[in-house]
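Engineer: got a predicted structure here, sequence first:
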Amino acid sequence: MPAPAGALKTPWGDPDLQGIWTDEANTPLQRPARYANQEFFTEAQRAELDKERSALLGRDKRGGRGTELDVSGAYNAEFSSVRRTGVRTS
């Protein structure tokens, strides 16, 4: 099948996927067991999951400089991103 006009190709003919790709929502790779027969989240489920996720923000607060909490508790909070729950369960 010929490529549509304007579709970029690599020199060897594959689609050229270079660029900046974003992922605006958090969608798990594997479907949790509690959603085994459900392909999409309801709006209420998404809101609840977003609420649970936002409650995790700041739980790794740093303690006083040089304390154990300063060294062990802040790393994960600094290097994780928070995205809204996607519509798909996996």
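Structural biologist: That came through fine. Numbering: from 1, shown residues only.
Engineer: which parts of the chain are strands?
Structural biologist: In the chain, the segments counted as strands under DSSP state E are 25-26, 84-85.
Engineer: what's next to the first one, contact-wise?
Structural biologist: This points to strand 25-26. By C-beta atoms under 8 Å, 6 or more residues apart in numbering, the surrounding residues in contact with strand 25-26 are 53, 83-87. Every C-beta, even on glycine, is put in place using the N, C-alpha and C of the backbone.
Engineer: list only buried entries from those residues.
Structural biologist: Of the members of the contacts of strand 25-26, the ones counted as buried by neighbours, 16 or more other C-beta atoms under 10 Å, are 85-86.
Engineer: where in this structure is pLDDT low?
Structural biologist: For the chain, residues meeting the criterion pLDDT under 70 lie at 1-5, 57-63, 69-81.
Engineer: can you pull out the helices in it?
Structural biologist: Ranges of helices within the chain are 43-55, 68-72, 75-78, based on DSSP state H.
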